[in-house]
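S.K.: take a look and give me a structure for this.
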Amino acid sequence: MFPLSQLLKRFVKNGTLDVIDAKGKTHRYGSGAPIVTMRLTEKRLYRKLFFNPELCLGEAYVDGTLSFEGEAGLTDFMGLFGSNRKQLARHPVQRVMRRSWKAFRRLQQHNPIRRARKNVAHHYDLDRELFQLFLDEEMEYSCAYFETPDATLEEAQLAKKRHIAAKLCLKPGQRVLDIGCGWGGMAFYLAEHEDVKVHGVTLSEEQHALATQRAAERGLSDRVTFALMDYRDIEEGGAQGPFDRIVSVGMFEHVGVGHYQEFFAKLGRLLHEDGLALLHSIGKRSPPSAGSPWLRKYIFPGGYSPALSEVFDVTQRQQLWVTDVEVLRLHYALTLREWQKRFQANRAQAAALYDERFCRMWEFYLTCAEMVFRHGSG
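M.R.: Model prediction:
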């Protein structure tokens, strides 16, 4: 317990963490509220958590070898973790770990089409019933826009689509490309509220099948089409392009930092000379890094949320005008809170689809993501 104990002494400055070790002895770190009690049931966790807490913490929680006791649970701990994360990053061992992650990040994010398809299938080709358990009725799987804090998830997702449509400055008859179209919600909104045609692309077989089905059910098949393909394979002329507008919501996180030049070059070629593109993506306040090793391994393989400097560096080299930047950080925290509430309310159904271990993994994912947005610890 010694090396882990020394790490925790330096780590916990805001709030209190009580750790019950494998022998049942309690160790206290920090002071003040909140007070979180964490139990470790295996000695091997001491070493693993010391060297790689951001990976092994989630693995131990999912396996059940790490748990929380009392009123303060996972959410409180992740809040405590987020508010103290700077101290963790300053530890000599953690500095070495972060440098090694960053050194290999281009390899981790190498994303040719075949690998991109595999990465997308890992997450988005899960049973659609799982997503229906916690998403809104239109199955929007990205940040909502809460015009008021007490808005429902459905109201906030509708407001987000309305907000995006306004930014696109659409005109009758225009053609819109939706890169990473999900289950079609954004495309349907634009086609139903604006006199435009929308073409969506996705690498997820599940998303493509349901989006195509929903287009037919809504009588929109003549105005909304979907293709199962990578954005790099979209034709730049002829029947497909160029486009008047391009919208991409929640897809850029899967591009990979080594492919940003390729991505924005493709956008430039797919747009009319006077065209407009809107990119809606998760970002970070910190300098370029490698992202969460746990999320990358278990939830979004190949995923990465960029720093703004990484994005603007490429748009400048591609001579693309950046005319508007809006940060919706706390809106995403509210979105994730609502997803978590709905997931917990339907946890039994999720366990029936998969198992309890999967539920703990999904719970950790949603909680971790919410706290990152609340505390800005990305």
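
S.K.: quick one, what contacts Phe68?
M.R.: Phe68 sits next to Val36, Thr37, Met38, Arg39, Leu74, Asp76, Phe77 when contact means C-beta atoms under 8 Å, 6 or more residues apart in numbering. From N, CA and C alone the C-beta is placed, and that goes for glycine too.

S.K.: ok, 10 Å please
M.R.: By C-beta atoms under 10 Å, 6 or more residues apart in numbering, Phe68 lies in contact with Val36, Thr37, Met38, Arg39, Tyr61, Leu74, Thr75, Asp76, Phe77.

S.K.: go on, Thr148?
M.R.: Residues in contact with Thr148 (C-beta under 10 Å, 6+ apart) are Glu155, Ala156, Ala159.

S.K.: now do the phi/psi pair for the closest residue to the last one other than its chain neighbours.
M.R.: The spatially closest residue to Ala159, leaving aside those adjacent along the chain, is Tyr145, at 4.4 Å (C-beta to C-beta, 6 or more residues apart in numbering). Its backbone dihedrals place Tyr145 at phi -120, psi 100, with angles given as degrees, to the nearest 10.

S.K.: what's the pLDDT at Glu71?
M.R.: pLDDT recorded at Glu71 is 82.

S.K.: then the one 5 residues further on?
M.R.: You'll see Asp76 listed with a pLDDT of 92.

S.K.: same question for Lys13.
M.R.: So Lys13 comes in at 87 (pLDDT).

S.K.: again, but for Lys25
M.R.: For Lys25, pLDDT reads 94.

S.K.: buried ones in the longest helix seen in the chain?
M.R.: Longest helix in the chain, counting residues (DSSP state H): helix 356-375. Neighbour-count burial for helix 356-375, counted by 16 or more other C-beta atoms under 10 Å, picks out 359-375.

S.K.: helix/strand/coil for Leu17?
M.R.: At Leu17, secondary structure determined by DSSP: H, G, I helix; E, B strand; the rest coil is strand.

S.K.: you'd agree Ala33 is up against Ser83?
M.R.: No - contact criterion C-beta atoms under 10 Å: Ala33 and Ser83 do not qualify, at 11.4 Å.

S.K.: settle it for me: which of the two has more neighbours?
M.R.: Between Ala33 and Ser83, counted using other C-beta atoms under 10 Å, the more crowded position is Ser83 (19 against 11).
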